[in-house]
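Q: what follows is a predicted protein model with its sequence.
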Amino acid sequence: MQNISSSSKFALNKACAELNKILFIFFFCLLFLLPSSSQAQLIEPNSEALESTGDVILVALPATAALTTLILEDRQGSWQFTKGFLVNAGVTLALKYGVNKRRPFNSGGQAFPSGHTSITMQAASFIHLRYGWEYGIPAYMLAGLTAYSRINATRHDGWDVLAGTVAGIGSSFLFTTPYQREHMALTFTSSEEEFMVGFIYKF
């Protein structure tokens, strides 16, 4: 029981450290998002090019996450990504129609949370949690760009983006575990008359 307790504490501490890193990145990015919600845009307001870029990333980032699991033949990762994606989509849609918050300048409903943000953040956090920070950081940057594009286009405000971020990252945290692939393995078999040592390397 003592070993189980210590391993559980280690896993909890590691999860908290990862969550702290994500929160740091998010709140650092939020410094750039908050001024834009009051129309002090960092770049040209309502930029069509930026909005189109966000739309491309909306499709490309989840597709990249899913395709990576297929290329690596990571079936567990594929299933984890699928569960996170579906839960995130369900939560996002339920909140959109349940809250029915108006968009900036009263340009429509179902603003809360930002669907673009929740989908891209779910994909980015899956990539980070499954394959590591070296891949996660660029993915978070792309997801952050998508979030900013929605504010720049006056389709959402900072609260919509914050809720989308929480929904997306939270959905991945529910299911995603680190990817562990055994590239090398040493095997040993024996009988009364002989023994055999084998070496296996997985490409």
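A: Structure received.
Q: low-confidence ranges in this structure?
A: Scanning the chain for pLDDT under 70 picks out the ranges 1-45, 181-203.
Q: nearest residue to Tyr135 in space, please, no chain neighbours.
A: Nearest non-adjacent residue to Tyr135, counting by Cβ to Cβ, 6 or more residues apart in numbering: Ile127, 5.2 Å away. (C-beta placed from N, C-alpha, C; glycine too.)
Q: got a list of what that neighbour touches?
A: Neighbour list for Ile127: 64-65, 68, 135-136, 139 [criterion: Cβ atoms under 8 Å, 6 or more residues apart in numbering].
Q: could you redo the last one with a cut-off of 10 Å?
A: 61-62, 64-65, 68-69, 77, 81, 133, 135-140, 142-143, 172, 176 (Cβ atoms under 10 Å, 6 or more residues apart in numbering).
Q: where's it, which helix or strand?
A: Per DSSP states H and E, Ile127 falls inside helix 115-131.
Q: now that helix - C-alpha only, CSV.
A: Provided in CSV are the C-alpha atoms of helix 115-131 (Å, rounded to 0.1, in the frame of the first residue of the first chain):
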residue,chain,number,x,y,z
GLY,A,115,-15.8,26.4,-30.7
HIS,A,116,-12.7,27.2,-32.8
THR,A,117,-10.7,27.6,-29.5
SER,A,118,-12.0,24.5,-27.8
ILE,A,119,-11.4,22.2,-30.8
THR,A,120,-7.8,23.5,-31.5
MET,A,121,-6.9,23.6,-27.8
GLN,A,122,-8.1,20.0,-27.4
ALA,A,123,-5.9,18.9,-30.3
ALA,A,124,-2.9,20.9,-29.0
SER,A,125,-3.2,19.6,-25.4
PHE,A,126,-3.6,16.0,-26.7
ILE,A,127,-0.3,16.4,-28.7
HIS,A,128,1.4,17.9,-25.7
LEU,A,129,0.1,15.3,-23.2
ARG,A,130,0.7,12.3,-25.5
TYR,A,131,3.9,13.2,-27.3
